[in-house]
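Colleague: have a look at this prediction, sequence included:
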Amino acid sequence: AAEWVVILLALKLLSYLPRGADPLLRDLALWREDFSTFFTPEYVVAGLLAFFAWDGATFVGRDLDLLEAPPQYAPLDRRAILGRLMGRFFWGGILLLISSGLARLGLAALLDLAHPSVPGIILNALAYFVLGLLLLSQAHLSLLQINWRSQGIEAAPAIASRWAWFSLGFVGLVATLALLLPTGYSVGLLETLGAILGWILDVLFNIYLMLQFLILLLLSQLARLLFGVPALPPMIPPQGPPLPRELPPVTPGPPLLELIRSLLFWALVLGIVGYSLYNFVQYRRGLFLPLLGSRPWRALLATLRALWRRFRGAVQVVAEPLIRRLASPRLAMPRGRRRLRPFLRLSSLTPRELVQYFYLSIVRRAARLGQPRQAHQTPYEYTASLSAHLPQAEHDLAVVTRAFVEARYSHHPVVREEASRVRRHWERVKAALRSWSRG
């Protein structure tokens, strides 16, 4: 009871902070005459909201205590407890957003989507969601720690502090992005799509003009070679029409920054709507099974698949001659020059692929130096013949070969540490091959 007396008095005093001390002194005189004026409708509503908030905080604290209780003392369904925490958090956020919008803007202004605003009270809602997400993150950590203890897994002591810092950083980043994202638009959806379509048509038209210019230039040069350059008569410039006295006003398009802002806004809206529709269809697949099995839908899918097959076939028809041309021996560069190879990121390879790459790169480098591997030679036979030219790297070459055979012809797991060890031997073999090439 004493706690509630303090809370109610604090609520009453907080209501006078924006108005100053003069209204408080006037109301004190009224309370002495009629104490019922102390309980104004706004104060009663604030007290009820404080009661519900206190009650919700009590339930949340009890669930957190149950969540962190040892399994032998509280054999509970912890997933259900976590579900209750998430439900209270999200329902409280929905009520907070609704009450914030009504209190700050009013119902008429809240429904006016043409002039959106972000008042200061919305920052309170943002703080609520940020703190709530941090609380749910800590609840997940508590659930994981209970599971680790029940399984006998010893967790690192610093995992709790790291979890808190990483959660705070992630939620802070999301909150920053939410504040930076546009909440309104100045250019309509159709105008935005029209501007994008206009850009695409401008690019295609410029490409068409460039191709037309190149074709006409080629034809003019060909005509000059075949027929010579004819003598042109003196050209008299034509007289153009008289300029109008008053030019029509030019209506500029939307500014680029506003267009980009509106484009981002509509992309977010359409993305949210599309994701919601996708989840709706996924969770209610049974409602759409008759539609998916209907004849028009199957005909549409068959048409799309046929178009895709034709597109892939056209790409292959164009690409195969080009690939054969590039792979032709006539296009090979001289031996003394470095051949162009496709860019390969070693970090993207698995340890097994990395070990195989080390050995095959040695074979390729040795083949350039006049020591190719014959088709009948095993990896060990080829290593023995190559070691005669690289006596200083004989051990390293044997290690790389043995690792290659293990990675290529066995199903034993190859770990990252093994690939790192083989890489050191591979680098020494490469250095020996460079010394051999320099003579």
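Modeller: Everything's here; your move.
Colleague: what does the domain assignment say about the chain?
Modeller: 40-180, 186-225+255-283, 347-437 (automatic domain parsing).
Colleague: how distant is the shortest one from the center of its chain?
Modeller: Computed by C-alpha atoms, centre = their mean, to the nearest Å, the separation of domain 186-225+255-283 from the middle of its chain amounts to 23 Å.
Colleague: same check on the last one?
Modeller: How far domain 347-437 lies from its chain's middle: 39 Å, per C-alpha atoms, centre = their mean.
Colleague: then the longest one?
Modeller: Its chain's C-alpha centre lies 25 Å from the corresponding centre of domain 40-180 when counted by C-alpha atoms, centre = their mean.
Colleague: any idea of the mean pLDDT for that domain?
Modeller: The predicted model assigns domain 40-180 a mean pLDDT of 72.
Colleague: cool, and the last one?
Modeller: Throughout domain 347-437, pLDDT has a mean value of 88.
Colleague: before we move on, what about the shortest one?
Modeller: Domain 186-225+255-283 shows a mean pLDDT of 75 in the predicted model.
Colleague: tell me the contacts of residue 167?
Modeller: Listed by C-beta atoms under 8 Å, 6 or more residues apart in numbering, the contact set of residue 167 reads 133-134, 137-138. Where you see a C-beta, it was placed from the backbone N, CA and C, and this is true even at glycine.
Colleague: can I get these in TSV with secondary structure, distance to residue 60 and neighbour count?
Modeller: Listed next are the contacts of residue 167 as TSV, based on DSSP: H, G, I helix; E, B strand; the rest coil; distance: C-beta to C-beta, whole Å; neighbours: other C-beta atoms under 10 Å:
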residue	secondary structure	distance to residue 60	neighbour count
133	helix	14	18
134	helix	13	16
137	helix	14	17
138	helix	12	17
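Colleague: returning to that earlier point: to residue 310, which of the domains of the chain lies closest?
Modeller: domain 186-225+255-283 (21.9 Å; C-beta to C-beta).
Colleague: tell me the one of the contacts of residue 167 nearest residue 28?
Modeller: For the contacts of residue 167, the nearest to residue 28 is residue 134 (41.1 Å; C-beta to C-beta).
Colleague: check contacts around the closest one.
Modeller: So residue 134 contacts 164, 167-168, 171 (C-beta under 8 Å, 6+ apart).
Colleague: picking that back up, out of the domains of the chain, which one sits most buried?
Modeller: Stretch with highest mean neighbour count among the domains of the chain: domain 347-437 (a mean of 16; mean count of other C-beta atoms under 10 Å).
Colleague: endpoint to endpoint, that domain covers what distance?
Modeller: End-to-end distance of domain 347-437 (C-alpha to C-alpha, to the nearest Å): 28 Å.
Colleague: please, which helix or strand holds residue 162?
Modeller: Per DSSP states H and E: residue 162 is located in helix 159-180.
Colleague: and what of residue 397?
Modeller: Going by DSSP H and E, residue 397 is part of helix 394-409.
Colleague: export that helix to CSV, keeping only CA atoms.
Modeller: What follows is helix 394-409, C-alpha atoms only, in CSV (Å, rounded to 0.1, in the frame of the first residue of the first chain):
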residue,chain,number,x,y,z
GLU,A,394,61.5,-33.2,-52.0
HIS,A,395,60.0,-33.5,-48.6
ASP,A,396,57.5,-30.7,-49.1
LEU,A,397,56.5,-32.2,-52.5
ALA,A,398,55.9,-35.6,-50.8
VAL,A,399,53.7,-34.0,-48.1
VAL,A,400,51.6,-32.1,-50.6
THR,A,401,51.2,-35.3,-52.8
ARG,A,402,50.2,-37.4,-49.8
ALA,A,403,47.6,-34.8,-48.7
PHE,A,404,46.2,-34.6,-52.2
VAL,A,405,45.8,-38.4,-52.5
GLU,A,406,44.1,-38.4,-49.1
ALA,A,407,41.7,-35.6,-50.0
ARG,A,408,41.0,-36.8,-53.5
TYR,A,409,40.6,-40.6,-53.1
